[in-house]
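Visitor: 3D, please:
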Amino acid sequence: MRLTETQRNLIKSAVARIIGPDSKVWLFGSRVDDSKRGGDIDLLVETERLLPSRASVLCKLEGALVMSLGDRKIDVLLKDGRPCDAPIFRVAKDKGILL
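Guide: Numbers count the residues shown, from 1 in each chain. Here you go, the predicted structure:
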């Protein structure tokens, strides 16, 4: 995994503060592979809560992540308690690493 312990802690702290401490975060994509270089930070955030405005929460979370991790490309998928069977969520969990 190509994130430092500090980066992982900053991500988990921002998610807990904005979405809730019961949230789970997976890193997926190129940053999971230690043999690769560069790449954006791809995250899947999952909560059982129903979020009234996922777009608003995503904006707050992405802003908090940029402020704490620096100006870099960060992609966030957000899965709340609504039923959703999108394949991308399964792929992110299956191939990703739980932070």
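
Visitor: which residues touch the residue lying closest to G29 once chain neighbours are set aside?
Guide: Distance criterion C-beta to C-beta, 6 or more residues apart in numbering; nearest residue to G29, sequence neighbours excluded, is D42 at 3.4 Å. Where C-beta positions appear, they are placed from N, C-alpha and C, glycine not excepted. Going by C-beta atoms under 8 Å, 6 or more residues apart in numbering, D42 touches 27-31, 75, 77, 92, 96.

Visitor: helix/strand/coil for V25?
Guide: strand (DSSP: H, G, I helix; E, B strand; the rest coil).

Visitor: Tell me the pLDDT of the residue nearest to G29.
Guide: Looking at D42, its pLDDT reads 94.

Visitor: Check P52 too.
Guide: P52 carries a pLDDT score of 88 in this model.

Visitor: looking at this protein, which helix or strand is least sure?
Guide: helix 87-95 (a mean of 91; mean pLDDT, DSSP states H and E).
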